[in-house]
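Student: this one's structure only:
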């Protein structure tokens, strides 16, 4: 087990199960909103490793909001529920040597167990939650981002008004059996990883430091160090203690502290390779766990025909929840972006160490027309709205409508913008099943009776028809087995 390092392996055939434990507390004056964030750098040995867990607990609203970020998007075929990731939140915890925490039993009112997994048809994510002492399961919708790399949900329950979370644990077990080994690692990765951390402001205070709002007294486990006793008042006539001289760090001390930084304190999602003129793109930026980061600034330089245009723009990112929004200029060219920040090293105030990222380049292009892509197989037909090999940020924001009609039935399917997910397909046609598969709409034949059936399919963007023709479904039997095919036959242009 690697404690305090998030290796939440989500391999093909895995699912995400999340368990929350929110015991109640006895203190009367308690914060209404608490926030915790656990981060993990990318691991080249895994595919769908979780990169961040963000939890917001709002007592006044009795809500718990969870966001899971993955290093890589989930595949179109969602994993199956035979492996697990668990997350626990609770009040009764003990500190660990590496600034993490460990939860202590027992469970109490407000404890939550939450499971996120693919639905019965494997085409959507569903969350099932139980809140102690009520054992009845609650079904919650799970939102999947268009790039399939972020899962989010919100749990609402009156029992959460009694919860007092201080510690967060994230544990993965049994998730790496089918993963390929990293070239540099001759051994299989461990099958059980653990990461833990405190809610903001609720970690136990170090000796000599004031306690946070979550530590009015030692925890119920009794193993937290007591608060240091206040100094005794000086006796009458006694001389006041002489002030101590502050320790001044020399230049060599600063250089030595900053030289120990091996990896950047900030991580970020991939920058877009292309942006349409006047378009925007948001790049999430995160600080690694247990790294103190401040003064995060992005420098954006605009180029046109290879020449710099004006002075570089400096964008100060917020102190928490960094999000860099790139806005393309009104003309084609190139944007070069670099991030700068200050990291504090050492105890106390720490030594300020300025850091800077490598530059990231983005090409600004004229808005490109999205294209309808049709993938044909004997047993399925997939439609996608985008442009192969191009960033979605470079495409015009146009919707696509697909209509299938025949045998007295009409079904309409819609995608609101390129690369986005399709709306709920709705009821299937008698001989054709429709389901979402990532950014694609997949049509597959169904039925047991032998025969051939035809439907008319039309795809439009606005008033323009992109595709029109027949869907032909054929069902037959061979050697006692049923076989099904689906074909698209486009209309021939008039002679």
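Tutor: Perfect, thanks for sending it. Everything numeric here is computed off the predicted structure, so don't read it as measured data. Residues are numbered from 1 along each chain as shown.

Student: switch to C-alpha atoms for all contacts and neighbour counts from now on
Tutor: OK.

Student: Now tell me what touches the strand ranked longest in the chain from outside.
Tutor: Assignment by DSSP state E gives strand 464-478 as the longest strand of the chain. Identification of contacts with strand 464-478 by CA atoms under 8 Å, 6 or more residues apart in numbering yields 372, 431-432, 445, 447-460, 482-491.

Student: filter the residues you listed to the buried ones?
Tutor: Buried members of the contacts of strand 464-478, counted by 16 or more other CA atoms under 10 Å: 372, 431-432, 445, 447, 453-460, 483-488.

Student: Restricted to strands, list those.
Tutor: 372, 432, 445, 453-460, 483-488.

Student: Go through the longest strand of the chain and flag the buried ones.
Tutor: So for strand 464-478, counting by 16+ other CA under 10 Å, buried means 468-476.

Student: Need the mean per-residue confidence for it.
Tutor: For strand 464-478, mean pLDDT rounds to 91.

Student: Start from the N-terminal end of the stretch 51-200 of the chain and give the strands.
Tutor: Secondary structure of the stretch 51-200 of the chain by DSSP state E, counting those that start in this stretch: the strands cover 63-70, 84-90, 93-95, 101-103, 112-118, 125-131, 134-141, 143-144, 150-156, 167-173, 192-198.

Student: Packing partners of the third one?
Tutor: Using 3 or more CA pairs under 8 Å, 6 or more residues apart in numbering; DSSP states H and E as the contact criterion, the neighbours of strand 93-95 among helices and strands are strand 101-103.

Student: How about residues contacting the strand it packs on?
Tutor: By CA under 8 Å, 6+ apart, the residues outside strand 101-103 that reach it are 89-96, 167-169, 196-198.

Student: Show me just the buried residues among the residues you listed.
Tutor: 89-95, 167-169, 196-198.

Student: Greatest separation within these: which pair is it?
Tutor: Largest separation among those by CA to CA: 89 and 95, giving 14.3 Å.

Student: element containing residue 405, please.
Tutor: strand 400-406 (DSSP states H and E).

Student: returning to that earlier point: pick out whichever of the contacts of strand 101-103 sits closest to residue 301.
Tutor: Nearest member of the contacts of strand 101-103 to residue 301, counting by CA to CA, is residue 197, at 37.5 Å.

Student: Provide a list of residues in contact with residue 375.
Tutor: Residue 375 sits next to 381-383 when contact means CA under 8 Å, 6+ apart.

Student: Using the three-state scheme, assign it.
Tutor: strand (DSSP: H, G, I helix; E, B strand; the rest coil).

Student: and it, how far is that from residue 306?
Tutor: According to CA to CA, to the nearest Å, residue 375 stands 39 Å off from residue 306.

Student: do residue 204 as well
Tutor: Computed as CA to CA, the residue 204 to residue 306 distance reads 54 Å.

Student: same question, residue 359
Tutor: Counting by CA to CA, the separation of residue 359 from residue 306 is 16 Å.

Student: Which residue is the nearest non-sequential neighbour of residue 318?
Tutor: Setting aside the residues directly before and after it, residue 318 is nearest to residue 296 in space (CA to CA, 6 or more residues apart in numbering), at 7.6 Å.

Student: in its sheet, what does the helix or strand hosting the one you found sit against?
Tutor: For residue 296, the host element (DSSP H and E) is strand 292-304. Paired neighbours of strand 292-304 in the sheet (DSSP bridges): strand 307-308 (antiparallel), strand 313-316 (antiparallel), strand 333-345 (antiparallel).

Student: Enumerate the sheet neighbours of the following helix or strand past the longest one, specifying parallel or antiparallel for every one.
Tutor: Where DSSP H and E defines the elements, the next helix or strand beyond strand 333-345 is strand 351-356. The partner list of strand 351-356 in its sheet, established with DSSP bridges, is strand 333-345 (antiparallel).

Student: which residues are in contact with the strand it pairs with?
Tutor: Residues from elsewhere that reach strand 333-345 (CA under 8 Å, 6+ apart): 257-258, 265, 291-306, 328, 350-365.

Student: Return the distance of the closest residue in space to residue 472 that isn't next to it in sequence relative to residue 365.
Tutor: Distances taken as CA to CA, 6+ apart place residue 454 nearest to residue 472, at 4.5 Å, with adjacent residues excluded. Separation of residue 454 from residue 365 (CA to CA) stands at 42 Å.

Student: before we move on, what about residue 105?
Tutor: Distance, residue 105 to residue 365, by CA to CA: 57 Å.

Student: What residues are recorded as beta-bridge partners of residue 486?
Tutor: Beta bridges link residue 486 to residue 473, judged by DSSP bridges.
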